[in-house]
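Chemist: Sequence below, structure please.
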Amino acid sequence: MNAFQIVSAGDAALVVEFEARIDPLVNARAIQLAEALQAARMPGVLDVVPTFRSVAIYFDPLRTNGDALLARVEAEAAKPSSDRDTGRPAVRVPVCYGGELGPDLAAVAAFSHLSEAEVITAHTARTYRAFMVGFVPGFAYLGTVEERIAMPRRDTPRVRVPIGSVGIAGVQTGIYPMETPGGWQIVGRTPLKPFDPDRAEPFLITAGDAVQFYAIDHDRFLDMEREGGPVEGGSRASI
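Modeler: Residues are numbered from 1 along each chain as shown. Prediction:
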């Protein structure tokens, strides 16, 4: 199904909307469109932002041929998804689960009627897709979480969630790239930095990437934190 609609968001932005659901194939179309428009480098286009199922195109109306832009967007959006494995390895993320680093692990276990060890096994068993990056720089919305451990957000968000905290919110999981308020269920913490402006590639995870979590103990967490949190398994992969 190639259904989509293009809507105006004021005089300096267009939004392309695909089917309204969280779905890897729908997301692949959004990412494919965004990448094609970014590669086109059309005059006046300032930014192209993919989400779960839409793409926003921001442009300077004084420098942009509106008809040409609309025609290019329509042509690219109509193309079927060609989402495929690029051969790049998944981003492997070490996580120290539970204890002071994962204060909500026990609550997720109670919610799911599993032991804490079984929750960890369930969380690490899947390869997640990065559907989009947003909220703050480097925060990737990963899915989908196994239904048994898909606990909703906390009723009362925390004022401060530490950098590297790994959380669950319904069918999504993610890593906090900086200290911010947040209401996700925090099950652990990684020594990796999802966002580091001093790196050659500031973002650890980008839209369309594959992500795998694996468990480490507290001593290994501290060692990796001191070492700067090396990425195991290479860079990124698309799924």
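
Chemist: Report the beta-bridge partner residues of the most centrally placed residue in the chain.
Modeler: Centroid check for the chain by Cα atoms, centre = their mean gives residue 140 as the closest residue, at 2.3 Å. Here residue 140 sits in beta bridges with residue 133, going by DSSP bridges.

Chemist: Wait, it touches residue 208, no?
Modeler: No - Residue 140 is beyond contact range of residue 208, at 10.1 Å (criterion: Cβ atoms under 8 Å). Glycine gets a C-beta too; all of them are placed from N, C-alpha and C.

Chemist: Give the residue farthest from the middle of the protein.
Modeler: residue 62 (33.1 Å).

Chemist: could you pull out the helices for this structure?
Modeler: 24-40, 66-77, 105-112, 116-124, 218-227 (DSSP state H).

Chemist: Quick check: which of these is nearest to residue 151?
Modeler: helix 105-112 (4.5 Å; Cβ to Cβ).

Chemist: Just confirm residue 64 contacts residue 43, I think it does.
Modeler: Yes - if you go by Cβ under 8 Å, residue 64 and residue 43 touch, sitting 6.6 Å apart.

Chemist: Please identify which of the two sits among more neighbours.
Modeler: residue 64 (18 against 11; other Cβ atoms under 10 Å).

Chemist: How about that one, nearest residue that isn't a chain neighbour?
Modeler: Among residues not flanking residue 64 along the chain, residue 44 sits closest, at 3.1 Å (Cβ to Cβ, 6 or more residues apart in numbering).
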